[in-house]
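Peer 1: Starting from these lines, generate the structure:
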Amino acid sequence: MVADDYREFGTKILTPIAQYFPLNPMGISLLSLVTAFIAGYSFYRADYANTIWLLIGSLMVFLTAILDALDGIVARMRDLSSKRGDLLDHTFDRVADILMLGGIALGPLVDTTIGFAAIIGVLMLSYMGTQAQAVGAGREYAGLLGRADRLVVLVMVPIIQYFLEDYQGWNYMALMCYSFAVICTLSAIYRFTRIWAELE
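Peer 2: Below is the predicted model:
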């Protein structure tokens, strides 16, 4: 929700790029899946002896975020927006979330259980946002750690882990997953209560 406040600013920055970007929205969405896969693979490979993979993963998440914003801008600029495109965009977003967090969950830095708890929290939060739209309550963005916020965190925390891995022995990647699991789940519940009240 916090990062969403800067969506208009991001659109202004990316609009000149969108004007000359060679791919159509479908191509951009597919490319974002590739970068998400590489991010997940990088996080899967990262351990205390090979922390450079954290920086690679962070870079790939950043590119995924840029491409995720770019496909919508290109679609609107070229008058290619459609319900199918919206469906595809949301589907690819969830697949990307699973790829990136799945790599962390299956990697050596984070316990698998908390990693998958983070995935469940993220998916439930995203589901409540789109389900609100499906039942006629409008797209719901309330709560903390919406997708834009999560992408910012997924870019920053691996960098922090890389440079501060020895500081007090903290595992920042694990702390991130705990945060996703708890905060996203609570935000999903909060969204549900808002939707429920609106449908009365």
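Peer 1: Any chance of the backbone angles for A46?
Peer 2: Per-residue torsions, A46: phi -70, psi 130 (degrees, to the nearest 10).
Peer 1: Please name the spatially closest residue to it (chain neighbours excluded).
Peer 2: W53 (3.7 Å; CB to CB, 6 or more residues apart in numbering). Any C-beta I mention is one placed from the backbone N, CA and C, and that applies to glycine too.
Peer 1: for the protein, where's the lowest mean pLDDT among helices and strands?
Peer 2: Every helix and strand in the chain was compared by mean pLDDT, DSSP states H and E; the lowest is helix 7-20, with a mean of 81.
Peer 1: And the next helix or strand past it?
Peer 2: helix 25-45 (DSSP states H and E).
Peer 1: which helices and strands does that next one pack with?
Peer 2: Packing contacts for helix 25-45, counted by 3 or more CB pairs under 8 Å, 6 or more residues apart in numbering; DSSP states H and E, involve helix 52-77, helix 83-106.
Peer 1: Return the most buried member of the ones you listed.
Peer 2: Counting by mean count of other CB atoms under 10 Å, helix 52-77 has the highest mean neighbour count of those, with a mean of 21.
Peer 1: Quick one: closest of the helices and strands packed on helix 25-45 to L151.
Peer 2: Checking the helices and strands packed on helix 25-45 against L151 by CB to CB gives helix 52-77 as the closest, at 4.2 Å.
Peer 1: That closest one - what's its average pLDDT?
Peer 2: Per-residue pLDDT over helix 52-77 has a mean of 94.
Peer 1: could you give the angle of it to helix 25-45?
Peer 2: For helix 52-77 against helix 25-45, the angle by axes from the mean of the first three to the mean of the last three CA atoms, to 10 degrees is 170 degrees.
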